[in-house]
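K.L.:
Got a predicted model here, sequence first, then my questions.
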Amino acid sequence: MELHTSTNTFGGDASTRKCRQKVGLKRKRLTEAEVTRGWEVFEAISWRSLKENIGEALRLSSRHNIYAYDAYYLEAASRYGCPLFSLDSRMKEVGKMEKIPIMEV
């Protein structure tokens, strides 16, 4: 799990984000220029690794019927008091239910 250290936003690892951007390009959701610019911005972010609280993440997963992977992000955002940065509508919905601030884009 990773934390954006300059504004305390929480997101995925570099390979995951790059893959998602490629999917956006392939599905014509993003232009090549948007993907390139997004990757440039992403690479400029300072990141550090965090340890997950697996037990709480699994409780969140069970309580809200979401993937454990998504629950790890929600748990860490909650524990570290930083907003969740996600384009996933279900994650944002659960985050709001759990009173986790959401960074809208």
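P.N.:
Sure thing, it's come through. Numbers count the residues shown, from 1 in each chain.
K.L.:
Can you verify Asp70 is assigned to a helix?
P.N.:
Yes - Asp70 sits within a helix when classified using DSSP: H, G, I helix; E, B strand; the rest coil.
K.L.:
Enumerate every residue touching the closest residue to it other than its chain neighbours.
P.N.:
Excluding the flanking residues, the one nearest Asp70 by C-beta to C-beta, 6 or more residues apart in numbering is Met91, at 5.2 Å. Backbone N, C-alpha and C define where each C-beta goes, glycine included. The contact partners of Met91, by C-beta atoms under 8 Å, 6 or more residues apart in numbering, come to 66, 70, 73-74, 84.
K.L.:
Can you show me the strands along the chain?
P.N.:
Along the chain, counting by DSSP state E, strands occupy 2-4, 10-11, 47-49, 84-85, 102-103.
K.L.:
Going by mean pLDDT, which of those comes out lowest?
P.N.:
Mean pLDDT is lowest for strand 2-4 out of the strands of the chain, coming in at a mean of 38.
K.L.:
how about low-confidence regions in this protein?
P.N.:
Scanning the chain for pLDDT under 70 picks out the ranges 1-27, 105.
K.L.:
Near the nearest residue in space to Asn53 that is not next to it in sequence, how many other residues are there?
P.N.:
Ranked by C-beta to C-beta, 6+ apart and with sequence neighbours excluded, the top spatial neighbour of Asn53 is Glu75, at 5.5 Å. Residues contacting Glu75 under the criterion other C-beta atoms under 10 Å number 24.
K.L.:
same thing with the one 4 residues further on?
P.N.:
Close neighbours of Arg79, defined as other C-beta under 10 Å, add up to 16.
K.L.:
can you check Glu52 too?
P.N.:
Neighbourhood size, Glu52 [other C-beta under 10 Å]: 15.
K.L.:
before we move on, what about Thr36?
P.N.:
Counted with other C-beta under 10 Å, the neighbours of Thr36 add up to 13.
K.L.:
how close does it get to Glu52?
P.N.:
Thr36 sits 31 Å away from Glu52, going by C-beta to C-beta, to the nearest Å.
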